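>>> Here is my input; please provide its structure:
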Amino acid sequence: MADQGNEAATRAQEQAAAEGRALGLETGWMVFSYLLAGMAAYGIIGWLIGRAVHIQLLFPLGMLLGLGISIGYIIHRFGRQLGAERSRKERTVDR
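Residues are numbered from 1 along each chain as shown. Reported below is the predicted structural model:
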């Protein structure tokens, strides 16, 4: 009977570990998509403006600007999320 309890606990731990890995993959893909989308969007804007004013340097500058904005947004979004989780843990430890 105690063996069944150990099996259930082991299955619960394995399921929790799998959910943690899935959450990590989801976050990784989200960060990757933000980086690509920022570079693509600002690269296209830079390319269009560069074609209009005949300055080809605006395309790579637009891509770099988009990359910088994306990195800033990622730090803002996920840094705030991690900070909230840490403060929640600190509050539960203090109790």
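>>> what about residue 25, distance to residue 75?
The gap separating residue 25 from residue 75 is 20 Å, by Cβ to Cβ, to the nearest Å. The way it works is simple: take the backbone N, C-alpha and C, and place the C-beta from them, glycine included.
>>> swap in residue 13?
Computed with Cβ to Cβ, the distance linking residue 13 and residue 75 is 32 Å.
>>> Please apply the same query to residue 21.
Using Cβ to Cβ, residue 21 is found at 23 Å from residue 75.
>>> Then residue 31?
Residue 31 is 10 Å from residue 75, by Cβ to Cβ.
>>> Looking at these two, which is more packed in?
residue 31 (16 against 10; other Cβ atoms under 10 Å).
>>> Leaving out chain neighbours, which residue sits closest to the more buried one?
Once flanking residues are discounted, residue 31 sits nearest to residue 74: 5.5 Å by Cβ to Cβ, 6 or more residues apart in numbering.
>>> Quick one: low-confidence residue ranges for the chain.
1-5, 22, 82-95 (pLDDT under 70).
>>> Show me which helix runs longest in it.
helix 2-53 (DSSP state H).
>>> Can you give me the distance of the residue nearest to the spatial centre of the chain to residue 78?
Of all residues in the chain, the one closest to the mean position by Cα atoms, centre = their mean is residue 31, 3.3 Å from it. Taking Cβ to Cβ as the measure, residue 31 falls 7 Å from residue 78.
>>> Then residue 20?
Residue 20 is 16 Å from residue 78, where distance means Cβ to Cβ.
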